[in-house]
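Asker: Mind folding the following:
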Amino acid sequence: MQIDAFRSQGKTLVFTNGCFDIVHPGHIHCLIEAKELGDVLVVGINSDASVRRLKGPGRPVVDERSRTIVVAAFSAVDAVVLFDEDTPDELIAALRPDVLVKGSEYTVEQMDGVAFVKSYGGKIVRIPMLPGYSSTSIINRRS
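Answerer: Numbers count the residues shown, from 1 in each chain. Purely as a prediction, here's the structure:
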């Protein structure tokens with residue numbers, strides 16, 4: 001696995017996740033800030049089925065393949081992993097990130113994987129949101 005190679009090189013692994021249904025400046029801001037917290041940024045992306053379970057039958061607007069391609073194209077992102085579960089807990093357990101990141105719209109209590117990451121000394125970081133940006137609010141404005 002590529003992650004093992006990064007670890008053997010002593011690189012700091014940062015992980016964040018989301019649906020990334022309609023990518024907007026808030027996502028870009030979060031990814032750039034997350035990358036600055038370590039050497040390697042891995043982004044977990046919810047599968048289409050997972051997004052439907054979490055957001056409802058009209059979502060995602062953009063399919064998982066397209067969302068994965070778009071997020072992987074950002075220079076701040078080193079790897080993208082698609083996951084089908086409702087939470088990234090299994091992925092976090094497999095990756096064992098040094099830093100777990102979410103946007104500040106989530107409290108630490110709402111973040112998945114916090115207890116696990118803290119159990120081995122990993123850091124938890126919440127990145128301040130850019131006001132006015134969320135995929136849901138963009139979709140609702142268009143309805």
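Asker: May I ask you to name the longest helix in the protein?
Answerer: When every helix of the chain is counted residue by residue (DSSP state H), the longest turns out to be helix 25-35.
Asker: which element follows it toward the C-terminus?
Answerer: strand 40-46 (DSSP states H and E).
Asker: quick one: that next one to helix 25-35, angle?
Answerer: Relative orientation of strand 40-46 versus helix 25-35 (axes from the mean of the first three to the mean of the last three C-alpha atoms, to 10 degrees): 140 degrees.
Asker: Show me what I124 is bridged to.
Answerer: L100 (DSSP bridges).
Asker: about what we covered before: for the longest helix of the chain, which positions count as buried?
Answerer: Buried residues in helix 25-35, counted by 16 or more other C-beta atoms under 10 Å: G26, H27, H29, C30, L31, E33, A34, K35. (Each C-beta comes from the backbone N, C-alpha and C, glycine too.)
Asker: I'd say the last one and A76 touch.
Answerer: In other words, K35. Yes. Here K35 lies in contact with A76, judged by C-beta atoms under 8 Å, at a distance of 3.8 Å.
Asker: where do the contact lists of these two overlap?
Answerer: L41 (C-beta atoms under 8 Å, 6 or more residues apart in numbering).
Asker: any weak-confidence spans in this structure?
Answerer: Within the chain, the ranges that satisfy pLDDT under 70 run 1, 131-143.
Asker: Find the residue at the geometric middle of it.
Answerer: In the chain, the C-alpha nearest the mean C-alpha coordinate belongs to N17, at 1.6 Å (C-alpha atoms, centre = their mean).
Asker: Without its sequence neighbours, what residue ends up closest to that one?
Answerer: What sits nearest to N17 in space, not counting adjacent residues and going by C-beta to C-beta, 6 or more residues apart in numbering, is G44, at 3.4 Å.
Asker: Next up, the contacts around that neighbour.
Answerer: Counting by C-beta under 8 Å, 6+ apart, G44 has contacts F15, T16, N17, G18, V80, V81, L82, F83, P88, L91, I92.
Asker: Then S47?
Answerer: E64, L82, F83, D84.
Asker: tell me the phi and psi of it?
Answerer: The phi and psi values for S47, taken as degrees, to the nearest 10, are phi -70, psi 170.
Asker: Right, I'll call it a day here.
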